[in-house]
Each structure stands twice: as C-alpha cells, then as structure tokens.
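[1] Sequence and computational prediction follow.
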Amino acid sequence: MSNAVLALQDVSRHYRGKGGLLRKGDTLRAVDGVDVTLAPGETLGIVGESGSGKSTLGRLAAGIEPPSAGNVTFKGKPYAPIGSSAWRRQRRDVQVVFQNPSQALDPRLSIADQIRGAMEAHRLDTGKSGAGSLDALLARVGLEGLGRRYPHQLSGGQLQRAVIARALSLSPDVIVCDEAVSALDVSVQAQILNLLQDLQAEFSVAYLFISHDLGVVRHVSHRIAVMQHGRIVEAGPAGDVFASPRNSYTKALIAALPAASPSARRARDAKRRLDFAKV
Amino acid sequence: MSLRFVLGKLLRALLTLVLAVTFVFVVLRMSGDPVTQMLPDDTPASVVADYRQMWGLDRPLPEQYARYVAGILHGDFGFSFRDDRPALDVVLERVPLSLELGLTALALTIVLGIGGGILAALKRGTSVDHATMAMTIMGHSMPNFFLGILLILLFAMTWRILPSSGVGTWKHLILPAVTLGTSYAATVARFTRSSLLEVLNQPFMRTARAKGVPFRRRILGHALPNAGIPIVTVVGLRLGALIGGAVVVEPVFAWPGVGQLLVNAVAFRDLAIVQTIVLLIAVTMVVVNFMVDITYGWLDPRIRVDSGEATA
C-alpha cells in the first residue's frame, strides 16, 4: 500500500538462546517474515494466542526493538538506529499503550505532570496538547478535573484513559495498543474501546491493535491479521475474516469465542453438530 | 501533612526519649559504682561515703531518677565527675569536631555509595558492576578500625604524607573521614543498586524510553526518585548517628570528638556525661527520623496522601 503510514516488509525477529529459557544456540523465531501495512486512520487488529509473536510485532512496529531481518518504514522512511537522538525524536510519531496502565505510569507524578513530561521530552508546548489545552485533553478522555490526581488515586479504567491521553498529547500518527484493555473489567473494556474509536477520527490516528481476545479485536478493527508461530496465517477485512475464515487456526479461534447470548450459543452448537454430521 | 500526623510523631518521639534516658540511667547505675571506680582502692570507707553523699548516689534510685529528670527539664544535665563542670558544656564543646568529621565522612559516603550504586545498576552484569559489588563486600567485611590502622600504616608511617592522629589542618581530617566514610558507603551502594534495579525494570521506565524520553531524564527524573526511599532510609540512619561521633574511629585517630568522650566516660563511669551523650544521640535520631519521614512523603505521593494513617 503506497499511502501506508507504517509498513513492515518481510520482517523477522529472532532470539538467540544464551542458555536460559532457550538452550544455547537455539533460535526462537518470534516474528518470522511478516508483511503488514497500516493506512492512516485505520485500525489493524492483530490476534493470536500467547507466544504467537504479536507483542514482538508491536515492539518492532513501534521501533523499540530492531528487526533481525526485513524493513520497518514509517511514512516511507526506516527508523533511525535505536538510541540515537533521531530515533528518540521519532518516538513521538508512534505511541505505545501497554496492558497494565498502573505500571505504565510513574507512581510519583500526577497525571497532568506525566503528560507534560512526555510533551517536554519532545519540546512541545505543554499548553497545546492534541485537543487544545491539557485540561481539554483530559476532559476529552473522560478525566475532567483529575489532572492533579496521582496514579494510585485512579481506577484501572481511569489510568488507561490517562495513558491514552498521554499518548495523544504528542499527536502521533500511530498508536500501538498492546493488550490495551486486557487487564480491565469487561464493562470498562467496552468504555475504553469506544473511547479509542471516538478518538480515532478526531485525532486521525491509526491503531495497531494487538490482543488475544478475538471479540475485542473484532469490535475495533477495520482489518485483522491472525498470527500463529510468528507468521501471519490469515489477513483481511474484519468482516470477511469472521464471516468466512479460510485458515483452520482462525476457525478454531473463532469457534472458541464465547457466544453473546444463550440462544446464540444454542444456534451455534446446533450448527456445529450439523457440520460434524456432514464430516 | 496533617496535624494528627505531626502530633503522633511528636508523642512517639517523646516516648523514645524517655525510654532512652531511663534505660541508660538504670543500666549505668547497676553496672558499677562510679565512686569506687574513681577513688583508689585503699580509700577509707568514710571518704567513699562522703563522695556518695556529695553526688547524691546514696539516695534511693527512684529519687535520683526524679532529681535527674527534673534537672533536665530545667536545663541541668548534671555534673561531670571528672571535669567538675556541667556535663552539657563538656559534651557540647566536642560536638563541632564530631560534626566536622561526620559530615565529611557522610559526604564521602553519599558520593561513593550512591554514585557507585547507580553505576553498578546501570552497568548491571558488566565488569564495572562486579568490581563495584566486590568492593562493597570488602567494605562490609573489613572492620572500621582495621581499615583505619591500615591507612595509618600506609599514609602516616610508610609514606609519611598524612598525619596519623589529632586535629588541626584539613590533612588531619582525611584519614579518619576516609575510614568512616568508606565503611558505610558499601551499605549505601548496595541499597542504591538494588532499589534502582527494581525501578529500572518497571514498565513505566520502558514506556518512558518508548516515548523518547532522554536517558538522563529517565534516570534523574523517574528512576532515582522512585528508588529513593531505601536510600534515604540508610543515609538517614547515618545522619542521625553523626552527632554521637564515631566511637571506634575517633579513638583510633585520637580525634577529640563526642565518640572519644563517650568511650572515656563509660570507662570512667562519668554518669552525667554518658547520659547527656545518649540523650543527645536520641534527640538527633528522633529529629532525623522526622526529616526522613517528611522526605518519604516528598518522594512518594502514596505516603503523603495517606500520611494520617499509613505512616503514623
């Protein structure tokens, strides 16, 4: 895709064993020859079970880990060498939202100070965050008047809102959400997912949305890529992947989804029995 | 900081002081009669009795204690048997020398200890880390006075570049300050290293890096303040002990500070001096502890906000 904001071309990430979990000399192919593109303003969902390499893919996309092979390009240009000052400046464009918001915030600093800190690191005018003033940004993510609170004074959902506000304050083009809602209660998950969707159009930001939870990914993604053993086994528009999965692993993942209601579950089970009878 | 927090602290501090004073008072009087200690063995019993009466040692213990406490409340800390001067004067004139030595040593401890700890943590697993930690083990295991004697042997006896004892110029300060400062630097370095490593592994440190926050800022702005509480605790303990002088190091270097005075006073059963020094150390400890508590609140908002209950 020529207009892609972020593109991973034949990207691999291998870990060489040093005698710990991996035996010496063994190589773990966490990501193995993956092609992924992300268009401006779209959401690409990455699903897969633990160990499928989806978090590694997220770190490669965010540029905080170097690929062993292949190219990661942002707006057509590769990332600068990790640790260089050019690399540091590029961090502004691709933000990361991790799983556990309570650990992603410095416990010593108020929410507003954390956001200011991120902006100051990129010499941005702290009076003008993505949504105008910092107060306006906090209000936009649903944390109106809570800027002076410390992390331990906020709930998990509020903390993730703060983390999202901090990411948005830098006006990034891409946010990598790595299991961004997995640590939250289901009801809070829905709120955060809706918030992310609302913010996407407003801030014209693209999401690389990584989750093991197929239901969550389906809810937010335009396109979905299914990962298994470091490779992408199926990719396509979200509706297609769900309606007619071609890969057996994808089918298994979808079949494992809990049904939305008892009647839906009965219908599904009946269909399964029918499918089984055909075989 | 709530009023309740401060009041609670003050009450505790008072209790600490009363306990310290009482304990020392009783133990000193049980551990030997100062009069027989001071007078020659063949002193007539009547003379001994006279001295006892003169110093009030013939009275029942509770009465002596009551007089002593009443005296303290009026600023009278008793008389030194040996100097025949108010004990407080004798002690206070030693304090500046002990502070001079102690503060110099503390500065050395902070620079070496915190600096070495940071270096070891940032270079974890490298030869720098291993070398620093090996030195701290040496610092832990080598007794204070031994290092002092070793330094005297080398710098004063063999190379003759520094004086071995006494006070006067800054040169006199070097050996005792190095002896005293390095011994505790090992402890501080280990605490700094381990608590910094813990923070460096926190997700928010990785997040800060992923956000492009510069290295210096990540360390100085996020890692160190979060690692600060154990460091402040160990440094605070040292700071509190400063005024009491160095009981071991001062005699080794003939440094006429409070520590040396204490050693002599205990040997001589100079009750008022020992009691005054112990009280002075207790007061300093209490004050420093209070300062450390305030620093905790500054370092960690969780303590600050819950101060009424959590730390009281």
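    Received the coordinates, thanks.
[2] Pull stretch B:85-100 out as CSV, backbone CA atoms only.
    Listed next in CSV are the C-alpha coordinates belonging to stretch B:85-100 (Å, rounded to 0.1, in the frame of the first residue of the first chain):
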residue,chain,number,x,y,z
ARG,B,85,31.9,21.1,85.1
PRO,B,86,28.3,20.9,83.8
ALA,B,87,28.1,17.8,81.6
LEU,B,88,26.3,19.6,78.9
ASP,B,89,29.2,22.0,78.4
VAL,B,90,31.7,19.2,78.3
VAL,B,91,29.7,17.4,75.6
LEU,B,92,28.7,20.4,73.5
GLU,B,93,32.3,21.6,73.1
ARG,B,94,33.1,18.2,71.5
VAL,B,95,30.1,18.4,69.1
PRO,B,96,31.7,20.6,66.4
LEU,B,97,34.6,18.3,65.9
SER,B,98,32.4,15.2,65.6
LEU,B,99,30.2,17.1,63.1
GLU,B,100,33.2,18.1,61.1
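[3] what does that stretch rub up against?
    Residues outside stretch B:85-100 that contact it (CB atoms under 8 Å, 6 or more residues apart in numbering or on different chains): B:75-80, B:83, B:167, B:173, B:242-246, B:250, B:255-261, B:270, B:272-273, B:275-277, B:280. Where C-beta positions appear, they are placed from N, C-alpha and C, glycine not excepted.
[4] List buried residues within the residues you listed.
    For the contacts of stretch B:85-100, a neighbour count by 16 or more other CB atoms under 10 Å in any protein chain shown gives the buried set as B:77-80, B:167, B:173, B:242-246, B:250, B:255-261, B:270, B:272-273, B:275-277, B:280.
[5] what's near enough to touch the residue in the stretch 151-300 of chain B that chain A sits nearest to?
    The nearest approach of the stretch 151-300 of chain B to chain A comes at B:G212, 3.0 Å away (CB to the nearest CB). For B:G212, the contact set (CB under 8 Å, 6+ apart) comprises A:W87, A:R88, A:R89, A:Q90, A:R91, A:R92, A:A121, A:H122.
[6] Apart from its neighbours in sequence, what residue is nearest the last one?
    If the residues on either side of it in the chain are set aside, A:H122 comes closest to A:R92, at 4.8 Å by CB to CB, 6 or more residues apart in numbering or on different chains.
[7] Could you measure from the one you found over to A:L170?
    5 Å (CB to CB, to the nearest Å).
[8] and if you look at B:I110?
    From B:I110 to A:L170 the distance is 37 Å (CB to CB).
[9] neighbour count winner among these two?
    A:L170 (22 against 19; other CB atoms under 10 Å in any protein chain shown).
[10] May I have the phi/psi pair for the more buried one?
    phi -90, psi 10 (degrees, to the nearest 10).
[11] what's the answer for the one 3 residues further on, then?
    Comment: the main-chain dihedrals of A:D173 come out as phi -90, psi -30, following degrees, to the nearest 10.
[12] Surely it and A:V5 touch.
    Yes - shown here, A:D173 and A:V5 form a contact pair, counting by CB atoms under 8 Å, at 5.1 Å.
[13] From one end of stretch A:207-223 to the other, what's the distance?
    Stretch A:207-223 stretches 11 Å from its first residue to its last (CA to CA, to the nearest Å).
[14] hang on, the earlier thing: give the residues shared as contacts by A:R92 and A:L170.
    Contacts common to A:R92 and A:L170, judged by CB under 8 Å, 6+ apart, are A:H122, B:K211.
[15] isn't there a helix covering B:D84?
    No - using DSSP: H, G, I helix; E, B strand; the rest coil, the assignment for B:D84 is coil, not a helix.
[16] Okay, A:A39 and A:R91: tell me how far apart.
    Distance from A:A39 to A:R91, by CB to CB: 21 Å.
[17] of these two, who's got more company?
    Neighbours were counted for A:A39 and for A:R91 using other CB under 10 Å; A:R91 has more, 24 against 17.
[18] Mind pulling up the pLDDT for the closest residue to the more buried one other than its chain neighbours?
    Of all residues not flanking A:R91 in the chain, B:G212 sits nearest, at 3.0 Å (CB to CB, 6+ apart). B:G212 carries a pLDDT value of 91.
[19] So B:G212, which state does it fall into?
    Going by three-state DSSP: B:G212 is coil.
[20] quick one: contacts for A:G45?
    So A:G45 contacts A:F209, A:I210, A:S211, A:V217, A:R218, A:V220, A:S221, A:R223, A:I224, A:A225, A:A238 (CB under 8 Å, 6+ apart).
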